[in-house]
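Peer 1: the following block contains a protein sequence and its predicted model.
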Amino acid sequence: GIQVEQSPPDLILQEGANSTLRCNFSDSVNNLQWFHQNPWGQLINLFYIPSGTKQNGRLSATTVATERYSLLYISSSQTTDSGVYFCAVRDPQGGSEKLVFGKGTKLTVNP
Amino acid sequence: ETGVTQSPTHLIKTRGQQVTLRCSSQSGHNTVSWYQQALGQGPQFIFQYYREEENGRGNFPPRFSGLQFPNYSSELNVNALELDDSALYLCASSQYPRNSSYEQYFGPGTRLTVT
């Protein structure tokens, strides 16, 4: 099945810094989502971005489907950005909507 | 618009017992998927339900079973609980066939502890 790799696994920033999180995937996909998991476990949808670039406030994402990677940019980070960021892609094999997740990037933003 | 809801929030069970977790899909969604997330890992796909039938299954044994009801809500049942079943169980809903995207939306999860 499809493989999803995220880097870096851990990231520690000072408030106000910028960061880039990367997601590589092993097969062509038609669904890629970025999530932020808060300390209570809730997965918050950040972007649905199978290709192209999107921006939402201080966050933006770019997916280059032909090269099988996606990037999540966080600018002017805040302590509330802390948590785990997951990339997930729809497995192209089979007829279900199965999402395959990476292992996540744990972001810690210090004041 | 009502989001995905799950119950209960937390649950403690003993090894060998059975458990039922519940999920209500987001309004307008007809497909429900269940995921298991062990500590420090990404969520793993258990199975998906569409039109009250299982529509895809991950690498989980048959003691993990589910149901979908006519109102699109769903249950996850786990029999003969094992210690390794301790995890966060997440439910996600989506709309199929899709008008514009495959986007899935997740509920807050049920944290199951097996002792």
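Peer 2: That came through, no problem.
Peer 1: in chain B, where is pLDDT below threshold?
Peer 2: Residue ranges of chain B with pLDDT under 70: B:1, B:97-101.
Peer 1: likewise chain A?
Peer 2: Ranges of chain A meeting pLDDT under 70: A:94-95.
Peer 1: which single residue in it comes nearest to chain B?
Peer 2: A:Ser96 (2.4 Å; C-beta to the nearest C-beta). Using the backbone N, CA and C atoms, a C-beta is placed for each residue, glycine as well.
Peer 1: once you drop chain neighbours, what's closest to residue 108?
Peer 2: Using chain A. Closest residue to A:Thr108 apart from its sequence neighbours, by C-beta to C-beta, 6 or more residues apart in numbering or on different chains: A:Ile12 at 4.8 Å.
Peer 1: could you do chain B instead?
Peer 2: Nearest non-adjacent residue to B:Pro108, counting by C-beta to C-beta, 6+ apart: A:Gln42, 4.8 Å away.
Peer 1: and the one you found, how close does it get to A:Gly83?
Peer 2: 10 Å (C-beta to C-beta, to the nearest Å).
Peer 1: related to what we said a few turns ago, mind checking the SS state of the residue of chain A closest to chain B?
Peer 2: Of the three states, A:Ser96 takes coil under DSSP: H, G, I helix; E, B strand; the rest coil.
Peer 1: partner residues bridging the closest residue to A:Ala61 other than its chain neighbours?
Peer 2: In space, not counting the residues next to it along the chain, A:Ala61 is nearest to A:Phe47; the distance is 4.4 Å by C-beta to C-beta, 6+ apart. Counting by DSSP bridges, A:Phe47 forms beta bridges with A:Trp34.
Peer 1: could you tell me which residues of chain A lie near chain B?
Peer 2: Counting by C-beta under 8 Å from any C-beta of the partner chain, the residues of chain A close to chain B are A:4, A:30-31, A:33, A:35, A:40-43, A:45, A:48, A:50, A:86, A:88, A:90-91, A:94-104.
Peer 1: repeat the analysis, applying 6 Å as the threshold.
Peer 2: Neighbours of chain B within chain A, by C-beta under 6 Å from any C-beta of the partner chain: A:31, A:41-43, A:48, A:86, A:90, A:94, A:96-98, A:101-104.
Peer 1: mind listing what the residue nearest to A:Ala61 touches?
Peer 2: A:Phe47 sits next to A:Trp34, A:Lys54, A:Ala61 when contact means C-beta atoms under 6 Å, 6 or more residues apart in numbering or on different chains.
Peer 1: weed out the non-buried ones from these.
Peer 2: Buried subset of the contacts of A:Phe47 (neighbour count, 16 or more other C-beta atoms under 10 Å in any protein chain shown): A:Trp34, A:Ala61.
Peer 1: fine by me, we can end here.
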